[in-house]
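K.L.:
Below is the sequence, then the predicted model.
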Amino acid sequence: MRRRCETALGLMAIFACCGHLSAAKVWIDTDPSIGAPYREVDDAFALVLAFHSPELEIIGISTTYGNARLKRTTKVAREMVRSFGALTDAAVHPGAASRRDIQTKTPATDALAAALRRDRLTYIALGPLTNLASFLVHHPELAGRIERVVFVGGRSPGTVFAFGPTGGLRIHDANVVKDPAAVRAVLASKIPVTLAPVETSSRLVLDKERRLRLRDGNSAAQFLYRKTRLWLWFWTGLVQHEGGPLFDGLAVLRAVRPEMAPTERRYAWMRPTGELVAAPRPSRDTRPVDICARLGPGWERFVVSRLRRHPGGPHPR
């Protein structure tokens, strides 16, 4: 029995040392705006979480409009990968400047096509789906190389996104509202989709205590600490919420630790009003999706510790 235990422990050690060999290959599409006044900072947290997670191999990053203009989101993404992601500017590919670019070929669509010719990828969409919809227009033959889209968007029927003690702050499903046509195009494809909806991601909260823990972490954690004072004041002081929601962090958490963002099967469709709804039962014109319905235990400690750690495992290429 002792020999069997020693053998098992030895194998576990080998797998731990070689875990990077099975890292999931991902492409991240993002609209970061951290540092700009009155902008959400959740993309930056999601990027750092991805950079610090050896379970992921980041094959490329594309930028899009959303939280800010494309010029700003591209600048922020390049600064972050250069400083914290062991990458160069060449790894960041600018994409759509607005929903009008849904059929426009961009450096992002070309780079994603080149990456998919080499590898099958999971596509993590932290912003509007315009870049992916444009890719499907120009490279439909490569759609099957995308293993799954993890999209920060969608809602259960009847869900209202209200925050504060009286629900005074109401927000829309931003990534859906900004380009409903792109969402329809992705739903019409056969690519598997996982939704990371606001109703769940809003529980992924950075409160004052968790933010303070970033102050003595690595350089990326200190960067997040410095750049989030005004953002956290807005959520805790004005909105009177318990903290700032890290909406985009849920998509990366699902890719890194699926058990901390468990999913259930739903059936999605786009309403004529431009809402992406995921219901428990199928009906006409729906398609199956998975939805992150809750947060698993231990996510708080895991997320903060990952944000504070020094990057390990395979470097993105």
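P.N.:
Looks like it arrived, so ask away. Residues are numbered from 1 along each chain as shown.
K.L.:
use CA for all of it now, contacts and neighbours both
P.N.:
OK.
K.L.:
Count the neighbours of the residue nearest to residue 82 when sequence neighbours are not counted for me.
P.N.:
Spatial nearest neighbour of residue 82, chain neighbours left out: residue 88 (5.4 Å); criterion: CA to CA, 6 or more residues apart in numbering. Residues lying near residue 88 (other CA atoms under 10 Å) number 15.
K.L.:
now residue 88: how far from residue 290?
P.N.:
Residue 88 is 34 Å from residue 290, where distance means CA to CA, to the nearest Å.
K.L.:
so how far is residue 74 from the residue nearest to residue 82?
P.N.:
Residue 88 is 13 Å from residue 74, where distance means CA to CA.
K.L.:
same deal with residue 191?
P.N.:
Residue 191 is 26 Å from residue 74, by CA to CA.
K.L.:
got it, and residue 23?
P.N.:
Residue 23 is 26 Å from residue 74, by CA to CA.
K.L.:
Neighbour count for these two, which is higher?
P.N.:
Under the criterion of other CA under 10 Å, the comparison of residue 23 against residue 74 puts residue 74 first, with 26 against 17.
K.L.:
How about that one: what's its closest non-neighbour residue?
P.N.:
Of all residues not flanking residue 74 in the chain, residue 63 sits nearest, at 5.6 Å (CA to CA, 6+ apart).
K.L.:
same thing with residue 49?
P.N.:
Residue 49's closest residue in space is residue 307 (CA to CA, 6+ apart), at 5.7 Å.
K.L.:
Ramachandran angles for the residue nearest to residue 153 when sequence neighbours are not counted?
P.N.:
Excluding its sequence neighbours, the residue lying closest to residue 153 (CA to CA, 6+ apart) is residue 197, at 4.8 Å. Dihedral angles of residue 197 (phi, psi; degrees, to the nearest 10) stand at phi -80, psi 160.
K.L.:
check contacts around residue 197.
P.N.:
The contact partners of residue 197, by CA atoms under 8 Å, 6 or more residues apart in numbering, come to 152, 153, 154, 155, 291, 292.
K.L.:
Count the residues that sit near the third one.
P.N.:
Just to be clear, that refers to residue 154. 26.
K.L.:
which residue ranges form the strands in this structure?
P.N.:
Taking DSSP state E, the strands of the chain run over residues 24-30, 56-63, 92-94, 121-125, 146-151, 162-163, 169-170, 193-195, 205-206, 244-245, 263-270, 276-279, 287-292.
K.L.:
mind checking which of the ones you listed is nearest residue 49?
P.N.:
Of all the strands of the chain, strand 56-63 sits nearest to residue 49, with 10.0 Å by CA to CA.
K.L.:
tilt between that closest one and strand 121-125?
P.N.:
Interaxial angle, strand 56-63 versus strand 121-125 (axes from the mean of the first three to the mean of the last three CA atoms, to 10 degrees): 50 degrees.
K.L.:
So what touches strand 56-63?
P.N.:
Strand 56-63 is contacted by residues 23-31, 50-51, 70, 73-74, 77, 91-96, 108, 111-112, 115, 255-256, 314-317 when judged by CA under 8 Å, 6+ apart.
K.L.:
measure residue 177 to residue 114 for me?
P.N.:
29 Å.
K.L.:
again, but for residue 190
P.N.:
Remark: distance between residue 190 and residue 114 (CA to CA) = 20 Å.
K.L.:
and what of residue 222?
P.N.:
35 Å.
K.L.:
how about residue 204, phi and psi?
P.N.:
Per degrees, to the nearest 10, the backbone of residue 204 is at phi -90, psi 80.
K.L.:
wait, what's in contact with it?
P.N.:
Residues near residue 204 by CA under 8 Å, 6+ apart: 245, 246, 247, 249, 250, 295, 300.
K.L.:
what about 10 Å?
P.N.:
Residues in contact with residue 204 (CA atoms under 10 Å, 6 or more residues apart in numbering) are 198, 243-250, 253, 294-295, 299-300, 303.
K.L.:
mind checking pLDDT for it?
P.N.:
As predicted, residue 204 sits at a pLDDT of 97.
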